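Colleague: model the following, please.
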Amino acid sequence: MADGQYHNILVPVDGSKVTAQVLEKGIAMAKACDAHLDILNVVQVTQLSDGYAPASSLSPDQTYDLVKTTQERLEDLKQRAIDAGVAKVDIHVRFGNPKQVIGRDFPKDHNNDLIVIGSTGLSAFERIVLGSVTGYVIRVAKPDVMVARTQK
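Modeller: Numbering: from 1, shown residues only. Alright, predicted model coming up:
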């Protein structure tokens, strides 16, 4: 980015304990840059999470309910961003591999120039089995990546 300013900021959230901190960092960056904020949740078919429900072996009605619930939660996050002073906010739900969607596909489709992502939303076991989404995004994403660390 030539002018040193971000214009389209992506904040992927997964409903884990770090979601609030990641969103707050994304909001702060969007306000500082007067940038558009995209809040994204990626539903993975084989997702293991203590946040939003996994989508494996769900009926069409269950999938609809999952997406509806996720959209409602994202609407709450969008309202939090608006209340904090971010003028341009959109929410998105995508199905797929979070690594690929966050690291490559979504930023390309939405011209994001910054990704604000949590250090991890997974347990140690899940990181071993699934690998770290954050690590992958840091390695492959074309936009800048800011890692929001959890407060202890």
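
Colleague: contacts, neighbours, all on C-alpha from now
Modeller: Fine.

Colleague: residue 91 belongs to a helix?
Modeller: No. Assessed with DSSP: H, G, I helix; E, B strand; the rest coil, residue 91 is strand; it does not lie in a helix.

Colleague: how much space between it and residue 67?
Modeller: Distance, residue 91 to residue 67, using CA to CA, to the nearest Å: 12 Å.

Colleague: next SSE after the helix or strand of the chain with the lowest mean pLDDT?
Modeller: None of the helices or strands of the chain scores lower by mean pLDDT, DSSP states H and E than helix 124-130, at a mean of 55. For helix 124-130, the following helix or strand on the C-terminal side (DSSP states H and E) is helix 133-140.

Colleague: what packs against that following helix?
Modeller: Applying 3 or more CA pairs under 8 Å, 6 or more residues apart in numbering; DSSP states H and E, we find helix 133-140 packed against helix 98-100, strand 144-148.

Colleague: which positions within that helix qualify as buried?
Modeller: By neighbour count on 16 or more other CA atoms under 10 Å, the buried set for helix 133-140 is 133-134, 137-138.

Colleague: can I get the CA coordinates of the helix or strand harbouring residue 79 in PDB?
Modeller: Using DSSP H and E, residue 79 falls within helix 60-83. Only the C-alpha atoms of helix 60-83 are listed here, as PDB (Å, rounded to 0.1, in the frame of the first residue of the first chain):
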ATOM      1  CA  PRO A  60     -30.000 -29.000   5.500                       C
ATOM      2  CA  ASP A  61     -32.200 -27.600   8.300                       C
ATOM      3  CA  GLN A  62     -29.300 -27.800  10.800                       C
ATOM      4  CA  THR A  63     -27.000 -26.100   8.300                       C
ATOM      5  CA  TYR A  64     -29.600 -23.300   7.800                       C
ATOM      6  CA  ASP A  65     -29.800 -22.900  11.600                       C
ATOM      7  CA  LEU A  66     -26.000 -22.900  11.900                       C
ATOM      8  CA  VAL A  67     -25.700 -20.100   9.300                       C
ATOM      9  CA  LYS A  68     -28.600 -18.200  10.800                       C
ATOM     10  CA  THR A  69     -27.000 -18.300  14.300                       C
ATOM     11  CA  THR A  70     -23.600 -17.400  13.000                       C
ATOM     12  CA  GLN A  71     -25.100 -14.400  11.100                       C
ATOM     13  CA  GLU A  72     -26.900 -13.300  14.200                       C
ATOM     14  CA  ARG A  73     -23.600 -13.400  16.200                       C
ATOM     15  CA  LEU A  74     -21.800 -11.600  13.400                       C
ATOM     16  CA  GLU A  75     -24.600  -8.900  13.400                       C
ATOM     17  CA  ASP A  76     -23.800  -8.300  17.100                       C
ATOM     18  CA  LEU A  77     -20.100  -7.900  16.200                       C
ATOM     19  CA  LYS A  78     -21.000  -5.500  13.300                       C
ATOM     20  CA  GLN A  79     -23.100  -3.400  15.700                       C
ATOM     21  CA  ARG A  80     -20.200  -3.300  18.200                       C
ATOM     22  CA  ALA A  81     -18.000  -1.900  15.400                       C
ATOM     23  CA  ILE A  82     -20.600   0.600  14.300                       C
ATOM     24  CA  ASP A  83     -21.200   1.700  17.900                       C
END
